[in-house]
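A.B. asks: any chance you can model this:
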Amino acid sequence: MASIYFLCRVGLVNHFHRFIWALTASLSLVFAASGLAFAASANGSNGNQTGAKPKVLKISHQGKRKTYAKRPAGRIVRPARPSDGMRAGLHGVADPLSLRSSVAYVIDQETQEVLLSKNEEAVLPIASLTKLMTGLLISEAELSLDEMITITQDDVDTEKGSTSRLRVGSTLSRGELMHLALMSSENRAAHALGRTYPGGLQVFVEMMNAKAQLLGMQDTQYVEPTGLSSKNRSSARDLAVLVNVASDDSLLREYSTSPAYQVAVGRRKLVFSNTNRLVRNPTWEIGLQKTGYISEAGQCLVMQAKVAGRNLIMVFLDSAGKLSRLGDAERVRRWVESIPAKAPGPMTENLIDTPAPVLLLSVSS
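C.D. replies: Predicted structure coming up:
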């Protein structure tokens, strides 16, 4: 009898242990599900974290570790840094042609008649339009275009961190570097031109500013030869003066309007394209051009072109959108072509219904 009682007791204890184990397992699963739901909710509330790594929730159950990977937070596309013109409110000024550039200036090169002006006195960063002055000084110095120049670490961009296909150690002629700087806006090429100028880079920058003053460009300041620095600043009026002078230089005209150019760097052959697609458009007759962009300057463009039989100088600064500066040039061309053969009267912001404020930004030191 004692044996039967002992066996029954043992059976009840075993059943009780199984019950406790099953209850523990059920509660663990419930807690695990609750933990996942809370983690998903927390992940949704933190979805604004860009590039966050997936977090892992680990739950211990019966001595085993199970991992549940959370989905990574959604990627947030951050807006581009506003340009100086945007921050100054220049884009709030309307114009009859609905241009996307906050600054526009168009003149007849022969008569100097102003055909269109919009915020032409605003002093803004000019980005790679700087290279037009760089090229002008190199050309006027009559340095040997065949002299070989090697790209060094000093030519690497530490201002914006931009890349270049011209590796450190690449050797090209001065003429090739000048061609790439004007046509393809090659920053290392432009910097190397200034660095190897007689007297060095500092002397070259001083010469850039001296040339600007000599031309009467009172709103213009240069601190380096590429345009990567936002401290290189000018106004549309000053840039029109520079384009007028530069367009008389046959070398600058040829280099800036080449559709493409190939250079041999060691065993490599590199083909560069013009940053202004209008030079490949047969409906345009462009004598000289230069594009530019950094976030502080927006999209920029200067050109000398023949439109409706007239040699025009066009300046567009702080344009919003990658192709908008070209679109503005097309709008101006259609307007000039649509008016009678008689010289058009000046178009300014005073023609619009809402008076445009007169804005003049100071040059940074």
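A.B. asks: can you give me the helices for the stretch 251-365 of the chain?
C.D. replies: Counting by DSSP state H, counting those that start in this stretch, the stretch 251-365 of the chain has helices at residues 324-338.
A.B. asks: could I get the contacting residues of residue 201?
C.D. replies: With contact taken as Cβ atoms under 8 Å, 6 or more residues apart in numbering, residue 201 is in contact with 191, 194-195, 224-225. In short, each C-beta sits where N, CA and C put it, glycine included.
A.B. asks: so residue 141 makes contact with residue 196?
C.D. replies: No. Applying Cβ atoms under 8 Å, one finds residue 141 not in contact with residue 196, separated by 10.9 Å.
A.B. asks: and the two? Which one has more around it.
C.D. replies: The neighbour count for residue 141 versus residue 196, taken as other Cβ atoms under 10 Å, is higher for residue 196 (19 against 11).
A.B. asks: distance check, the more buried one against residue 172.
C.D. replies: As judged by Cβ to Cβ, to the nearest Å, residue 196 and residue 172 stand 11 Å apart.
A.B. asks: can you check residue 326 too?
C.D. replies: Distance, residue 326 to residue 172, by Cβ to Cβ: 29 Å.
A.B. asks: contacts only, for the residue nearest the centre of the chain.
C.D. replies: In the chain, the C-alpha nearest the mean C-alpha coordinate belongs to residue 294, at 4.1 Å (Cα atoms, centre = their mean). Listed by Cβ under 8 Å, 6+ apart, the contact set of residue 294 reads 125, 127-128, 160, 227-228, 230.
A.B. asks: can you check residue 318 too?
C.D. replies: 83-86, 90-91, 101-103, 124, 297-300.
A.B. asks: apply 6 Å and report the result again.
C.D. replies: 83, 85, 102-103, 124, 298 (Cβ atoms under 6 Å, 6 or more residues apart in numbering).
A.B. asks: can you pick the most crowded of the residues you listed?
C.D. replies: residue 298 leads the contacts of residue 318 on contacts (other Cβ under 10 Å) with 31 neighbours.
A.B. asks: check the gap between that residue and residue 175 for me.
C.D. replies: Residue 298 sits 31 Å away from residue 175, going by Cβ to Cβ.
A.B. asks: check residue 330 too.
C.D. replies: Residue 330 is 32 Å from residue 175, by Cβ to Cβ.
A.B. asks: which of these two has more neighbours?
C.D. replies: residue 175 (17 against 14).
A.B. asks: so residue 228 touches residue 156, yeah?
C.D. replies: No. Using Cβ atoms under 6 Å, residue 228 is not in contact with residue 156; the gap is 11.0 Å.
A.B. asks: who has more neighbours, the two?
C.D. replies: Using other Cβ under 10 Å, the more surrounded residue of residue 228 and residue 156 is residue 228, with 22 against 17.
A.B. asks: nearest spatial neighbour of that one, skipping sequence neighbours?
C.D. replies: Distance criterion Cβ to Cβ, 6 or more residues apart in numbering; nearest residue to residue 228, sequence neighbours excluded, is residue 159 at 4.2 Å.
A.B. asks: ok, residue 270 touching residue 264?
C.D. replies: No. Residue 270 is beyond contact range of residue 264, at 7.9 Å (criterion: Cβ under 6 Å).
A.B. asks: neighbour count winner among the two?
C.D. replies: Legend: neighbour count by other Cβ under 10 Å for residue 270 and residue 264, higher for residue 270 (15 against 10).
A.B. asks: so what's that one up against?
C.D. replies: Counting by Cβ under 6 Å, 6+ apart, residue 270 has contacts 165, 263.
A.B. asks: among the contacts of residue 294, which one has the lowest pLDDT?
C.D. replies: Among the contacts of residue 294, residue 160 carries the weakest pLDDT, at 93.
A.B. asks: any idea how far residue 208 lies from residue 126?
C.D. replies: Distance check for residue 208 against residue 126: by Cβ to Cβ, it reads 12 Å.
A.B. asks: which residues in the protein form strands?
C.D. replies: Assigned by DSSP state E, the strands in the chain fall at 56-61, 64-69, 101-108, 114-118, 124-125, 148-150, 171-173, 233-234, 260-265, 268-273, 285-294, 298-307, 310-319, 347-348.
A.B. asks: now those strands in CSV, with distance to residue 220?
C.D. replies: What follows is those, written out as CSV (distance: least, Cβ to Cβ, whole Å):
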stretch, distance to residue 220
strand 56-61, 57
strand 64-69, 57
strand 101-108, 14
strand 114-118, 18
strand 124-125, 11
strand 148-150, 26
strand 171-173, 29
strand 233-234, 4
strand 260-265, 28
strand 268-273, 28
strand 285-294, 14
strand 298-307, 13
strand 310-319, 13
strand 347-348, 22
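A.B. asks: for residue 213, which of the ones you listed is the nearest?
C.D. replies: Across the strands of the chain, residue 213 has its closest neighbour in strand 233-234 (12.3 Å, Cβ to Cβ).
A.B. asks: neighbours of residue 146, how many?
C.D. replies: With other Cβ under 10 Å as criterion, residue 146 counts 9.
A.B. asks: and what of the one 3 residues further on?
C.D. replies: The number of residues packed near residue 149 is 19, by other Cβ under 10 Å.
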